[in-house]
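Engineer: Whatever this is, show me its structure:
(one chain, ligands or ions: 1)
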Amino acid sequence: MEAIDMPFVVKRKDLQWKQIREGLRRAVVTTDRTMVVIYEAQPGPGLGTHRHPDCEQIVYYAQGSADLIVGEEAFSVEAGDFVFFPAGVEHGGQLTGEQMAISIDIFSPPLEDYLEEAIRL
Ligand code: NI
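Structural biologist: Numbers count the residues shown, from 1 in each chain. Next up is the predicted model:
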């Protein structure tokens, strides 16, 4: 985890983007209690269906659109929508449309898998 100079601000230029694969990257900022992840993704498959047993997730779709599955439910979302993925519930989906999708994902408590790449506040 990286220490940063200013205790309250992470500037855009200091974000640490991690390329997950072609057309999909994320940047992670975290405290001990809350993690925020920005995803930028070209239309196509998302991260794949997964669950995080100890961690709930709220996603805000800032741009683009997606077809999602949460538990047994399937639905579509577009820019301006929020989605809640409860802890332990399987979720996944497909990014649809023509536009790059940008989402802001909040994890509480922080997702341990992403701690290593996170900027630490
Ligand atoms: Ni998730």
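Engineer: Name the residues of stretch 58-66 that are buried.
Structural biologist: 59, 61, 64-66 (16 or more other Cβ atoms under 10 Å). Backbone N, C-alpha and C define where each C-beta goes, glycine included.
Engineer: quick one: contacts of it?
Structural biologist: With Cβ atoms under 8 Å, 6 or more residues apart in numbering as the test, stretch 58-66 has contacts from 41, 43, 46, 76-85, 93-97, 99-106.
Engineer: can you rerun that using 6 Å?
Structural biologist: Judged by Cβ atoms under 6 Å, 6 or more residues apart in numbering, the contacts made with stretch 58-66 from elsewhere in the structure are 77-79, 81-84, 93, 95-97, 99-106.
Engineer: Give the ChimeraX command for selecting the buried subset of the residues you listed.
Structural biologist: A single ChimeraX command selects the buried members of these (16+ other Cβ under 10 Å):
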select :77,81,83,93,95,96,101,103,105
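Engineer: Save the buried residues of stretch 58-66 as a markdown table, and put in secondary structure, distance to R26 and pLDDT too.
Structural biologist: Converted to a markdown table, the buried residues of stretch 58-66 look like this (DSSP: H, G, I helix; E, B strand; the rest coil; distance: Cβ to Cβ, whole Å; pLDDT from 0 to 100):
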| residue | secondary structure | distance to R26 | pLDDT |
| --- | --- | --- | --- |
| V59 | strand | 12 | 98 |
| Y61 | strand | 14 | 97 |
| G64 | coil | 14 | 97 |
| S65 | strand | 18 | 97 |
| A66 | strand | 15 | 97 |
